[in-house]
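Below: sequence and its predicted model.
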Amino acid sequence: MEKIKITFLGTANAVPTQKRNHTSILLTYKDENILIDCGEGTQRQFRYAELSPSKLTKILITHWHGDHILGLPGLFQTLAMSDYQKALQLYGPNNTSYFIDAIKKFVNIKIPLKIQNIESGIFFDSKEFYLSALPMTHDTPTLAYSFVLKDKLRLDKMKIKKLKIPNSPLLGDLQAGKDIIFEKKKIKSKDVTYMQKGKKVTFILDTAQNPNTFKIAENSDILICESTYSISEEKIAHEYKHLTSTQAADIAKKSKSKKLILTHISQRYEHNPKIILNEAKKIFKNTILVNDLDVLEI
C-alpha cells in the first residue's frame, strides 16, 4: 500500500509568527494532492517545501476565517499563471459558494473551479478512498474532515509463487475475491489473499469540544488537531470556541486514535511550545507537536 504523505505548510493560529505561517496542510496520496485550508502565504510555503501547487486536486476548507482562507486569491492567480488545466475541486461548509462569489468580485479567477457546499457525511467516494465531514462548534459554520483509505484485498505472494500461478488475469480475479481454476484445480481466493487494513487521517481545526470531535476522530491512525491554548487558559478557549492541549488529547484518547498531531499553536507559546506538548502527553502519550514544513508519512 502506498504511503500517505502529510506536509504541514502552516501551523500557526490567527496571528503568524517568525516560525509559524497561517494554517495549511497538504495530504498527498498517489496522484491526489488535497489541501486542507489555505491561510495567507500558503503558496510561498509550497516554494519552501519544494512542492508544486499545480498538482493540487482538491481543497477542503474547514471554515471561512481569514487565517484559514486568505491564501486562496493568490493561489488561484498563481495556478492560472501556471496554466492549471484541471477543474479544481473545492469543498467547504454551507457558506462556501457565497464567499467564492465574493472573491470573484475583486480577483479574476481564471481557473475552472468545482465548488461543493457540504454539511455532513461522505462527500467524495472513489475505489481507493473516501472523504467525510462533520460539523464542528465555532462562531461560523465549520467542518472537520477525515481522509479514509479503504481496506484492500492483497495477494499472498509466497502462496502465489508456491502454486506457480503466472502473472495473468487470473491474479486479478483472485484479488477481486473470485475463485479460479488453474491446472484443473480450484483455487479459492480466500486461501491466497489477505485483507490489508486501510488508513484514516482526521483533521480537526477551529472548534470547541463537542460530540462530533470524538465521532469523526474515531479509530484514526493520525489525528491532526488544533491545540490553540494551554489548560491554564481553558476559559479563554471556551470563550473563543477553541481547544486546549488537554482537550485535544482527550479527543485522541476517547476516539481510540493511534497518534495525535498538535497544530494551530498560539503565538503566546512561540518560545516555549513544549508547554502545550507536555500537557497533552500526560493524557495521550503518542503525541507530537509539529512545526512548519514538517512531513509525516504513514
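Ah, there it is.

Mind giving me the packing neighbours of the helix or strand hosting A80?
Element membership for A80 (DSSP states H and E) is helix 72-81. If you count contacts as 3 or more C-beta pairs under 8 Å, 6 or more residues apart in numbering; DSSP states H and E, helix 72-81 packs onto helix 42-48, helix 96-104. (Glycine included, C-beta is placed from N, CA and C.)

and the angle for it with helix 96-104?
Here helix 72-81 runs at 70 degrees with respect to helix 96-104, directions being taken by axes from the mean of the first three to the mean of the last three C-alpha atoms, to 10 degrees.

Any regions of the stretch 51-200 of the chain where pLDDT drops low?
Along the stretch 51-200 of the chain, the model assigns pLDDT under 70 to no residue.

Quick one: the helices in it, in order.
Using DSSP state H, counting those that start in this stretch, the helices of the stretch 51-200 of the chain run over 66-69, 72-81, 96-104, 157-163, 169-175, 189-192.

Could you dump the helices and strands packed on helix 72-81 into CSV with distance to K188 added?
What follows is the helices and strands packed on helix 72-81, written out as CSV (distance: least, C-beta to C-beta, whole Å):
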stretch, distance to K188
helix 42-48, 49
helix 96-104, 48
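
could I get these as JSON lines with distance to Y130 and mean neighbour count?
Putting the helices and strands packed on helix 72-81 into JSON lines (distance: least, C-beta to C-beta, whole Å; neighbours: other C-beta atoms under 10 Å) gives the following:
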{"stretch": "helix 42-48", "distance to Y130": "25", "mean neighbour count": "18"}
{"stretch": "helix 96-104", "distance to Y130": "20", "mean neighbour count": "14"}
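
hmm, back to that, buried deepest among the helices of the stretch 51-200 of the chain, which one?
helix 66-69 (a mean of 22; mean count of other C-beta atoms under 10 Å).
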